[in-house]
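Trainee: Task: produce atomic coordinates for the following.
(chains A and B)
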There are 2 protein chains.
Amino acid sequence: MEELKRFKEYVREMGKLGSAAALLNWDQQTYIPKRGHEGRAEVLGKLARLAFEMLVSPQMAEFIDKLDRPEVKAGLSEQDRAMVRVLAKEHRRRKAIPPELYEQFVITTSKAHSVWQEAREKADFALFKPYLEKIVDFVRQFAELYGYKENPYDALLEDYEPGLTARDLKAIIEPLQRELVPFLKRLLEEGERPRRAFLRGTFPIKKQEELTLRALRAMGYDFEAGRQDTTAHPFTITIGPGDVRVTTRFDPKDLLSALFGSIHEGGHALYDQGIAPELRWTGLDDGASMGLHESQSRTWENLVGRSRPFWEFFYPSLQELFPRFRRVPLEDFYRAVNYVEPSFIRVEADEVTYNLHIMLRFELEEGLLNRRIEVEELPPLWNDAMKRYLGLVPPDDAKGVLQDVHWSAGYFGYFPSYMLGNLYAAQLFNAAKREIPDLEKKIAKGELLPLREWQREKIHRLGKISEPKELLERVTAEGPNPQHFLRYNKEKFSEVYRLH
Amino acid sequence: MEELKRFKEYVREMGKLGSAAALLNWDQQTYIPKRGHEGRAEVLGKLARLAFEMLVSPQMAEFIDKLDRPEVKAGLSEQDRAMVRVLAKEHRRRKAIPPELYEQFVITTSKAHSVWQEAREKADFALFKPYLEKIVDFVRQFAELYGYKENPYDALLEDYEPGLTARDLKAIIEPLQRELVPFLKRLLEEGERPRRAFLRGTFPIKKQEELTLRALRAMGYDFEAGRQDTTAHPFTITIGPGDVRVTTRFDPKDLLSALFGSIHEGGHALYDQGIAPELRWTGLDDGASMGLHESQSRTWENLVGRSRPFWEFFYPSLQELFPRFRRVPLEDFYRAVNYVEPSFIRVEADEVTYNLHIMLRFELEEGLLNRRIEVEELPPLWNDAMKRYLGLVPPDDAKGVLQDVHWSAGYFGYFPSYMLGNLYAAQLFNAAKREIPDLEKKIAKGELLPLREWQREKIHRLGKISEPKELLERVTAEGPNPQHFLRYNKEKFSEVYRLH
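Mentor: I've put the predicted structure just below:
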């Protein structure tokens, strides 16, 4: 079919522009010299404009018009049909926003970023408030322009978790909240806290780096198709076929943050490295959703990286690099990496408390989108929810409502992906345990590749061919189900905290 | 003038594409993982195609048509006039080559590259010959399509040294050859060779790196607007405003190659860092010619970096990093870095023999373009010229006609820039000595910035505003004159080699 062939060629060219932009982004966060930033922003702007023009062009409109029809799609392969689905949606959503409105949004968020930074430094919400009000106004407009059936929140969530709705999220959150809040309370009141004084000290960066590389190699991250560099804010980025890079950061006072950071990014990278080569530059060459992507990083970071079997395998390696741990029993170390503590800051949260941070944000975002909440009410509402979920009230807004960058960038609907990532991870890992004989024994022997192969086969290679719900059903025979996470979480931490 | 404004905007957009391509290139030679190369080539191809399309577009044709007229140009600023000159020429030259012919050329040269590599490894010219024949056929056609007044060689030289002709080159080469060949003979027969046994040994790469950074800092290379990385083949690249990077390579058995390599690339980088900010993305934001660019790297590498005053300043720094040299007198070290030795390989040649390698190549290229020579005759003609100029005959073609990559890439007319760089360097350095009081005393005290400032004011900031002949006349009050180089060379090496 000539039209399909031309469409695929066209999308391929868009992919190449994206690849160039990815390298420019990576460099901007790793090696660019100080005075290069200003010009870099302009070059990135140029590439974004070219990609945008290709996405909304009359040519693309014609492709979509001809291909996105039931009678045409019925004759396509699953992959080609998915391509049409993904590109048609992107095309329509980008065209739904008038260019002038989008431009104003970009200008506002780019100013808002530095204002947010300052407001956070000064713990002064009033500084940020007028910008956040404008941003909320933009995203409310976007939701109307994109359209939705039931809840304006759904229109935004679609960017991050296609096919999921606010109603789905509420159904997931309800049991989580009902069980996690009292479980946390019980852990803290009745549990036996792990010792962790032995984690204090200074840990040379060279050795920490070697430790992260050993972990990445064990996971099966392919260093011939990637590399690890250091940055202020760790990330994973696909630069092109055969080029998926991770970054991490080292703190000489903290042995664990770089290690778990690298394992987390490595989990993302395994996803991208595992996408089938034939999906490259088709628009399907990414994770099925943000939540699915996060599920892979969380699987490796938590379900593997903070498990007893993993440390049975990996602890000798750590002890070899840091001999002081020869005096610390494995069990003590394992318990220490699973310390639970309610805290103000989401990114520092443990496996038990993390999702509570997300529920709070979802509650506020969903209220804002539905105009039940206005921006000025956010600080007291935030603090109130923190009290309810975590039993803590932030001492100031820097440790509260101002802590995350997302809202300043206009990312509304993004936070739930972090929670979904945790839930999907538990649900998928249960399937892996059913299907891979002796998975935990294998992990304890350092045989991590069977898990990677299972993930590759069931998830990674498929890219965006399926939407997240469908993919979960394909792999686990059910939709998103929070019970897997709850069971995992309660079993693990009851044991770590020695609840009778 | 509305048209001019739009033209400048248009060229600025082309510049941004060039900036993206530059980073992709840099990364390809520094940090890209092995499996990323295939995709990278496609992305670079895409950006090249976009830039090409912009250069030959009907829109560009219209700009040129309207702006490249004497009555219009008379009303433009010098900078805008230069922009029109440079872009009109590029536009016409790219349009002169039919796209199919150019595509065939690109395919041929990209295959030829690996064939050349193999031929060089096996020292087997016959392998490379059919490809080189095709390439010579292409460049002969290009010369006709570009057009020329006197010599088809001029049509190709224009890419590298605009405004210069084969006739100019012959007038420059004649006295050089007449004097250098007997001078070299005399040096070797009557001179006293410097000792250099003390250069043998192992030099840790970390310390070598520190040495190169000290040299770059002393030259005034701005590390806030650049960085140094390592590569197989060192180069300098402008990635964007405020971002001019150098690369070097380290050999633990060779103390000097990385140091002089870094100083050489640093000389190129000072040129690019010094270009006036208002020339960014105007098409004028590069050196006036390849020869001028090389003159700046050669100035720093040879006229400064291999001078006695430089080592008076820098030797203590080297001795601090490599204490073994505390036993080697400065004079011995200075003489050792100026060792002269006829050799087979151009890139290893010293200041006396280097230009002889270039003359040989020019002779052959000019003969090929004028059809006085055919490709099959190259090996014996090469060896014959080596005998005449350097008194050596290569043991095989790997050390002879196959040594350089240039012809496999279709770069005919490029080699003379290396020679012109040496000549311009001497001519410009004489002007600097006249105009900067006590320049050599300043260098001996480590005050290298006055030289950089002089270069910036007279040469760097102007970018491509003037063509090389005109620029030389502006700065030195005369056109290219080989006598400066000859005098410098004979004085310096007569002294180093203690000719009576």
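
Trainee: what's stretch A:83-100 in contact with?
Mentor: The contact list for stretch A:83-100 (C-beta atoms under 8 Å, 6 or more residues apart in numbering or on different chains) reads A:7-8, A:11, A:52, A:55-56, A:60-61, A:63-64, A:67-68, A:73, A:76, A:105, A:142, A:145-147, A:158-159, A:162, A:282-284, A:464. C-beta coordinates here come from the backbone N, C-alpha and C atoms, glycine included.

Trainee: what about it, distance to the chain center?
Mentor: Its chain's average C-alpha position is 23 Å from that of stretch A:83-100, according to C-alpha atoms, centre = their mean, to the nearest Å.

Trainee: Around chain B, which positions in chain A sit nearby?
Mentor: Contacts of chain A with chain B, taken as C-beta under 8 Å from any C-beta of the partner chain, map to A:13, A:16-17, A:19-21, A:23-24, A:27, A:31-40, A:42-43, A:46-47, A:50, A:222-227, A:229, A:239-243, A:245, A:280.

Trainee: Can you tell me which of these are buried?
Mentor: A:13, A:16-17, A:19-21, A:23-24, A:27, A:31-33, A:35-36, A:39-40, A:42-43, A:46-47, A:50, A:222, A:225-227, A:239-243, A:245, A:280 (16 or more other C-beta atoms under 10 Å in any protein chain shown).

Trainee: Those in helices, which ones?
Mentor: Among these, the members found in helices (DSSP state H) are A:13, A:16-17, A:19-21, A:23-24, A:27, A:39-40, A:42-43, A:46-47, A:50.

Trainee: out of the residues you listed, what pair is the most spread apart?
Mentor: A:13 and A:39 (24.5 Å; C-beta to C-beta).

Trainee: Find the closest residue to chain B in the stretch 251-400 of chain A.
Mentor: Nearest to chain B, among the residues of the stretch 251-400 of chain A, is residue A:280, at 7.2 Å (C-beta to the nearest C-beta).

Trainee: Return the residues in contact with that residue.
Mentor: By C-beta under 8 Å, 6+ apart, residue A:280 lies in contact with A:15, A:240, A:241, B:39.

Trainee: which of these lies closest to residue B:391?
Mentor: For the contacts of residue A:280, the nearest to residue B:391 is residue B:39 (48.8 Å; C-beta to C-beta).

Trainee: you'd agree residue A:20 is up against residue B:45?
Mentor: No. In this structure, residue A:20 is not within contact of residue B:45 by C-beta atoms under 8 Å, at 11.2 Å.

Trainee: Can you give me the domain boundaries for chain A?
Mentor: Domains of chain A are assigned by automatic domain parsing as A:1-96, A:101-500.

Trainee: May I see those domains arranged in a markdown table, with mean pLDDT and distance to residue B:209 as well?
Mentor: Converted to a markdown table, the domains of chain A look like this (pLDDT from 0 to 100; distance: least, C-beta to C-beta, whole Å):
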| stretch | mean pLDDT | distance to residue B:209 |
| --- | --- | --- |
| domain A:1-96 | 96 | 16 |
| domain A:101-500 | 97 | 16 |
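
Trainee: Among those, show me which one is buried the most.
Mentor: domain A:101-500 (a mean of 19; mean count of other C-beta atoms under 10 Å in any protein chain shown).

Trainee: starting at the chain centroid, how far to it?
Mentor: Centroid separation for domain A:101-500 versus its chain: 5 Å, with C-alpha atoms, centre = their mean.

Trainee: Figure out the length between the terminal residues of that domain.
Mentor: End-to-end distance for domain A:101-500, by C-alpha to C-alpha, to the nearest Å: 59 Å.

Trainee: Identify all contacting residues around stretch A:489-500.
Mentor: With C-beta under 8 Å, 6+ apart, stretch A:489-500 has contacts from A:179-180, A:183, A:186-187, A:190-194, A:334-335, A:338, A:340, A:351-352, A:426.

Trainee: again, only this time at 7 Å
Mentor: A:183, A:186, A:187, A:190, A:191, A:192, A:194, A:335, A:338, A:340, A:351, A:352 (C-beta atoms under 7 Å, 6 or more residues apart in numbering or on different chains).

Trainee: secondary structure element for the second one?
Mentor: Put plainly, it is residue A:186. Residue A:186 belongs to helix A:166-190 when elements are defined using DSSP states H and E.

Trainee: Please tell me how far the residue lying closest to residue A:449 once chain neighbours are set aside sits from chain B.
Mentor: Once flanking residues are discounted, residue A:449 sits nearest to residue A:220: 5.0 Å by C-beta to C-beta, 6 or more residues apart in numbering or on different chains. Using C-beta to the nearest C-beta, to the nearest Å, one obtains 15 Å as the distance from residue A:220 to chain B.

Trainee: how near is residue A:220 to residue A:317?
Mentor: The gap separating residue A:220 from residue A:317 is 16 Å, by C-beta to C-beta, to the nearest Å.

Trainee: pLDDT wise, what is residue A:99 at?
Mentor: Here, the pLDDT recorded for residue A:99 equals 88.

Trainee: which residues in the stretch 1-150 of chain A form helices?
Mentor: With helices called from DSSP state H, counting those that start in this stretch, the stretch 1-150 of chain A shows them at A:2-30, A:37-56, A:58-67, A:70-73, A:78-96, A:99-122, A:125-146.

Trainee: can you put the ones you listed in a markdown table and add distance to residue B:382?
Mentor: Formatted as a markdown table, the helices of the stretch 1-150 of chain A follow (distance: least, C-beta to C-beta, whole Å):
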| stretch | distance to residue B:382 |
| --- | --- |
| helix A:2-30 | 41 |
| helix A:37-56 | 44 |
| helix A:58-67 | 53 |
| helix A:70-73 | 63 |
| helix A:78-96 | 55 |
| helix A:99-122 | 59 |
| helix A:125-146 | 68 |
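
Trainee: which residue does the stretch 51-200 of chain A bring closest to chain B?
Mentor: Among all residues of the stretch 51-200 of chain A, residue A:54 sits closest to chain B, at 11.2 Å; criterion: C-beta to the nearest C-beta.

Trainee: wait, that residue sits on residue A:14?
Mentor: Yes. Between residue A:54 and residue A:14 there is a contact at 5.0 Å, judged by C-beta atoms under 7 Å.
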